[in-house]
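In: sequence unavailable; structure follows:
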């Protein structure tokens, strides 16, 4: 379809004539996610370039433990799935189910964060800190930025649940849940590349 | 606003596209398989270095597509697909940054190491 002004496209079953404001919010959030892709692109590029720069100190292959990472990968992957199921429940107007799925999503995310914090503490204990070498600076910045995103996501989700309990499911709160699940799927997608490029390529 | 709520639910044009439980389960299962493949390859040292990197990157990219299609529903939505257009733009910048950095810094280190 040509990009004629939206008003001209009445002939395809769009009775309302114009975009629903929630759709525009969704697109706006999508554009934010694309900028986040660019943020992570710079951090990934930095990590890849600095990957060899361990300055005689500990290397990733020596310290990174893949077993914990496998568990956190499955936690996050499952939470991406459960956040999708929450949106499905929302569209069927099953508020209770939706909240339960969101809480499960949050708990899985919290489990992921717990493992990540433990991993960081373990690394620091082993003598790999942000200041140890270029490799570890890039590592902590990249993985930590993702962890901050997960933390923010959990806080955001809690506030959305509180709002839904108070206000019920309106167009507005529905839009928020939709946008949140998009964010959460995005974090899972970023994590897949972290697992691949940081962990798997380091230990192989 | 309130009066158009009803028509909204009935026309449902943008509401029925949020996938079904089936599509989420399919996406979830494919994701798990695509996670296990590189893990098995890496942990058992099944392939050479280049092949392993190829397997890791291909499965990661496929999994990204699975997230996009089964979970984030990029294929849905109305025409024109602004979300897809911005995503393609983002990926273009991503590739420019990542591939460009690897290329340039790789050349630099070849020049310096001798």
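Out: That came through, no problem. On a predicted model such as this, the values are computed, not experimentally measured, just so you know.
In: from here on, just use CA atoms for contacts and neighbour counts.
Out: Will do.
In: show me chain B divided up by domain.
Out: Domain assignment for chain B by automatic domain parsing gives B:1-78, B:79-114.
In: what is the mean pLDDT for stretch A:108-124?
Out: Over the span of stretch A:108-124, the pLDDT mean works out to 96.
In: same deal with stretch A:67-83?
Out: pLDDT averaged over stretch A:67-83 equals 95, rounded to a whole number.
In: in that stretch, what's buried?
Out: Within stretch A:67-83, the residues that qualify as buried are A:69, A:72-83, counting by 16 or more other CA atoms under 10 Å in any protein chain shown.
In: longest helix in chain A, please.
Out: Of all the segments of type helix in chain A, defined by DSSP state H, the longest one is helix A:134-167.
In: next structured bit after that helix?
Out: Under the assignment DSSP states H and E, the closest C-terminal helix or strand after helix A:134-167 is helix A:171-193.
In: tell me the angle of that next one relative to helix A:134-167?
Out: Computed with axes from the mean of the first three to the mean of the last three CA atoms, to 10 degrees, the direction of helix A:171-193 lies at 160 degrees from that of helix A:134-167.
In: which other residues reach helix A:171-193?
Out: For helix A:171-193, the surrounding residues in contact (CA atoms under 8 Å, 6 or more residues apart in numbering or on different chains) are A:22, A:25-26, A:29, A:33, A:40, A:73, A:76-77, A:80, A:83-84, A:87, A:90, A:146, A:149-150, A:153, A:156-157, A:160, A:163-164, B:60, B:63-64, B:67, B:71-72.
In: picking that back up, tabulate the domains of chain B in TSV, adding columns for mean pLDDT, mean neighbour count and distance to chain A.
Out: Putting the domains of chain B into TSV (pLDDT from 0 to 100; neighbours: other CA atoms under 10 Å in any protein chain shown; distance: least, CA to the nearest CA, whole Å) gives the following:
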stretch	mean pLDDT	mean neighbour count	distance to chain A
domain B:1-78	79	16	5
domain B:79-114	86	14	5
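In: which of these sits closest to residue A:63?
Out: Residue A:63 lies closest, by CA to CA, to one member of the domains of chain B: domain B:1-78, at 15.5 Å.
In: report the distance from that closest one to the chain centre.
Out: Its chain's C-alpha centre and that of domain B:1-78 lie 7 Å apart, by CA atoms, centre = their mean, to the nearest Å.
In: go on, stretch A:170-190?
Out: Between the mean C-alpha location of stretch A:170-190 and the chain-wide mean there is a distance of 10 Å, by CA atoms, centre = their mean.
In: is it true that residue A:57 touches residue A:133?
Out: Yes: here residue A:57 reaches residue A:133: they are 7.2 Å apart, a contact under CA atoms under 8 Å.
In: name the nearest residue to whatever residue of chain A ends up closest to chain B, sequence neighbours excluded.
Out: Of the residues in chain A, the one nearest chain B is residue A:45, at a distance of 4.7 Å by CA to the nearest CA. Counting by CA to CA, 6 or more residues apart in numbering or on different chains, residue A:45 lies nearest to residue B:98, which is 4.7 Å off, once chain neighbours are set aside.
In: next up, the contacts around the one you found.
Out: The contact partners of residue B:98, by CA under 8 Å, 6+ apart, come to A:41, A:42, A:44, A:45.
In: any idea which helix or strand comes after the helix or strand hosting the last one?
Out: Mapping residue A:45 onto the secondary structure by DSSP H and E places it in helix A:21-50. If you walk from helix A:21-50 toward the C-terminus, the next helix or strand you reach (DSSP H and E) is helix A:60-63.
In: what pLDDT, on average, does that following helix get?
Out: Averaged over helix A:60-63, pLDDT sits at 91.
In: what is the orientation angle of the helix or strand just after it with helix A:134-167?
Out: Downstream of helix A:60-63, the first helix or strand assigned by DSSP H and E is helix A:66-91. When the same axes, to 10 degrees is applied, the directions of helix A:66-91 and helix A:134-167 differ by 30 degrees.
In: when you scan helix A:66-91, is anything in it near chain B?
Out: Yes: figure legend: helix A:66-91 in contact with chain B (CA under 8 Å from any CA of the partner chain); contacting residues A:74, A:77, A:78, A:81, A:84, A:85, A:88, A:91.
In: make sure residue A:203 is actually in contact with residue A:59.
Out: No: taking contacts as CA under 8 Å, residue A:203 lies outside contact range of residue A:59: 9.9 Å.
In: let me have the contacts of residue B:98 in a markdown table, extended by pLDDT and neighbour count.
Out: Putting the contacts of residue B:98 into a markdown table (pLDDT from 0 to 100; neighbours: other CA atoms under 10 Å in any protein chain shown) gives the following:
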| residue | pLDDT | neighbour count |
| --- | --- | --- |
| A:41 | 96 | 23 |
| A:42 | 97 | 18 |
| A:44 | 96 | 25 |
| A:45 | 96 | 22 |
